[in-house]
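Undergrad: no FASTA, just this:
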């Protein structure tokens, strides 16, 4: 089955700096890659997603890039703010009928 | 966006008792529901996938007789932890995916249920 690796597990940045979280996946048939933000004790919230027919997608301060050849995708957060502090999960799915496989998570801490 | 509710949000029970957790899609028909378990500072681990009207498909290592899942309608799925033990203490989160939504690929998560077994 699909295996998703996520790095780093923790990331500390200064407010205003950029943060990058990287994920790799094993199943070349995966075609949907969402990113979730989870605050302590709360539900994961979808923040951005990308499909395999697109190489990059941007939404204000967040962007996701996908390299299908290398089977990795990354989340980029620019101009980080303290409220960006949370755990971020990447995920991958083979097709619309299958479940998401999550990465191990990255705890992002933005220092004011 | 679509809303998924989960009840209860917290439950504390004695060892040996059973606990039922409900997951509801409030404004869409959830053809598929997923149940996850999350330990502190860890990722979401899929326990089972259920399609409305069908038996749930359990992930390897998840005991189907201990974690009973029922998806009897397009808006409700339940997870029953039977004969709960302290090691079952965890954060249980459901998510739903359905029809009639602009973002068909998206899974919408419930707020989670924190189970503590004494």
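TA: Structure received. Worth saying up front: this structure is predicted, and the values here are computed from it rather than measured.
Undergrad: what does chain A have sitting close to chain B?
TA: Contacts of chain A with chain B, taken as C-beta under 8 Å from any C-beta of the partner chain, map to A:32, A:34, A:36, A:41-46, A:49, A:51, A:89, A:93, A:96, A:99-105, A:107. C-beta coordinates here come from the backbone N, C-alpha and C atoms, glycine included.
Undergrad: try it again with 6 Å
TA: Chain A comes close to chain B at residues A:32, A:43-44, A:46, A:96, A:99, A:102, A:104-105, as judged by C-beta under 6 Å from any C-beta of the partner chain.
Undergrad: What subset of the residues you listed is buried?
TA: A:32, A:43-44, A:46, A:99, A:102, A:104-105 (16 or more other C-beta atoms under 10 Å in any protein chain shown).
Undergrad: Could you single out the nearest of the residues you listed to residue B:28?
TA: residue A:46 (14.9 Å; C-beta to C-beta).
Undergrad: Contact partners for that closest one?
TA: Applying C-beta atoms under 6 Å, 6 or more residues apart in numbering or on different chains to residue A:46 gives the contacts A:34, A:36, B:106.
Undergrad: partner residues bridging the second one?
TA: Each beta-bridge partner of residue A:36 is listed here: residue A:46, residue A:89, as defined by DSSP bridges.
Undergrad: and it, what does it touch?
TA: Contact criterion C-beta under 6 Å, 6+ apart gives A:44, A:46, A:89 as the residues in contact with residue A:36.
Undergrad: quick one: low-confidence parts of chain A?
TA: Applying pLDDT under 70 to chain A flags the ranges A:96-97.
Undergrad: can you give me the helices for chain B?
TA: With DSSP state H, there are no helices along chain B.
Undergrad: Return the per-residue confidence for the one residue in it that gets nearest to chain A.
TA: Residue nearest to chain A within chain B: residue B:109 (4.2 Å; C-beta to the nearest C-beta). Residue B:109 carries a pLDDT value of 92.
Undergrad: Spell out which parts of chain B neighbour chain A.
TA: B:34, B:43-44, B:46, B:49, B:105-106, B:109, B:111-112.
Undergrad: so which of those residues comes closest to residue B:93?
TA: Among those, and counting by C-beta to C-beta, the member closest to residue B:93 is residue B:112, at 4.4 Å.
Undergrad: which non-adjacent residue is nearest the residue in chain A positioned nearest to chain B?
TA: Of all residues in chain A, residue A:43 sits closest to chain B, at 4.2 Å by C-beta to the nearest C-beta. In this structure, residue A:43 finds its nearest non-sequential neighbour in residue B:109, 4.2 Å apart by C-beta to C-beta, 6 or more residues apart in numbering or on different chains.
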